[in-house]
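K.L.:
Requesting a structural model of the entry that follows:
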Amino acid sequence: MTNTPQAATARTTRTVLFDALGGPEVLRIHDVPLPAPGPTELLIRVEALGLNRAEALFRAGTYYYQPTLPGSRLGYEASGTVEAVGDQVTAFAPGDPVMTGSGIEMGAQGVYAERIVLPETSVLPRPASVDAVTGAAARLTYTTAYGALVETAGMRPGDHVLITAASSGVGTAAIQVARRIGAVPIAATRTEAKRQALLDLGAEHVVVTGTHDVAKETHRITGTGADILFDAIGGPELPHHAAALGASGTIVVYGWLNGPITFPMNWPQTIHTYANFSVPPEVRDRSDAFLRAGLRDGTLRPAIAEVFEGLDRIQDAHRLMETGTHTGKIVVTL
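P.N.:
Presented below is the predicted three-dimensional model:
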């Protein structure tokens, strides 16, 4: 194992934990023991955290797996610098900029901390041109959008893609992924206030669901209906969103913000579900390569809603996430 002086002297690290299910108020900061990295692990000094809706669900006990209480950790995405590596690690060295977000079990490995130890398989090199805030906001959103749209739905240049919850982190990433492929992103959002921000991010069209019928407006825009529906909402709205598709359209559902889905017996389109944790290694590798290339050439640039300074602002950051009023990712810098 290779250690820097900082890694050798840091015996504990400030870490966000929660002992009960609930709102942002359950989050507390504790000093917890900091282990040395094992043979295939990295010790990382965290510089920024990217928040995801999954973390609010996990904190509240409504995610697809449950936290282990008391003392559960939290968080998938971090950006930072390697401080030490295990003796079997060859792809990383102290001083390397990195980002996380894959293959993490939040309860035990959550990244809301000043220093973290993770297996090297959960870490990705961060291009030198990418700052810590961008790195913290990138991996889960873009790999979800790429994996669902390209690998699962087979998105091609010219396809019309209807993106629900378009102002979310994954939604804004999907707009840019579609643009990079040459598809036509149609962003659906609840309020007129987010229209211009979505157009600025690259949406070709914006449908405000509070004032327009999504299906009718999408058919008006496209003439024959969208080719792909990329949906985060699920619930009883899904059949109506699916009506925006053409007869041979494809649905990819990656979230259930409004609850379980009811599938009509005569649904004419192809429907898939998508989750990053279940993709095979070769898809994960292609997703990561697509992300790094897009970050380097500037075609993928996360929309940052707000940056909170300091781990002590974690409750405030979660409160903003609960409102749903932001566009893009919320980041906490350390």
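
K.L.:
now the strands for the stretch 101-250 of the chain?
P.N.:
115-119, 123-125, 160-163, 184-189, 205-208, 226-231, 245-253 (DSSP state E, counting those that start in this stretch).

K.L.:
Now mean neighbour count, mean pLDDT and distance to S287 too, for those strands, in CSV please.
P.N.:
Quick note: C-beta positions are derived from backbone N, CA and C, even for glycine. Formatted as CSV, those follow (neighbours: other C-beta atoms under 10 Å; pLDDT from 0 to 100; distance: least, C-beta to C-beta, whole Å):
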stretch, mean neighbour count, mean pLDDT, distance to S287
strand 115-119, 21, 97, 18
strand 123-125, 22, 94, 10
strand 160-163, 28, 98, 17
strand 184-189, 26, 96, 18
strand 205-208, 21, 96, 26
strand 226-231, 28, 96, 15
strand 245-253, 19, 91, 14
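
K.L.:
And for the longest helix along the chain, what's in contact with it?
P.N.:
Determined from DSSP state H, the single longest helix within the chain is helix 281-297. Contacts with helix 281-297, where a contact means C-beta atoms under 8 Å, 6 or more residues apart in numbering, come from 102, 124-125, 127, 129-130, 134, 138-139, 142-143, 146-147, 150-151, 176-177, 180, 276, 279, 300-301.

K.L.:
Check those residues for burial and list the buried ones.
P.N.:
Among the contacts of helix 281-297, those scoring as buried are 102, 124-125, 130, 134, 138-139, 142-143, 146-147, 150-151, 176-177, 180, 276, 279, 300-301 (criterion: 16 or more other C-beta atoms under 10 Å).

K.L.:
Of these, which belong to helices?
P.N.:
Counting by DSSP H, these contribute 134, 139, 142-143, 146, 176-177, 180 to helices.

K.L.:
Redo those residues as CSV? Include distance to V283 and pLDDT.
P.N.:
Formatted as CSV, these follow (distance: C-beta to C-beta, whole Å; pLDDT from 0 to 100):
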residue, distance to V283, pLDDT
T134, 23, 96
R139, 14, 93
Y142, 13, 95
T143, 9, 94
Y146, 9, 97
Q176, 19, 97
V177, 14, 98
R180, 17, 97
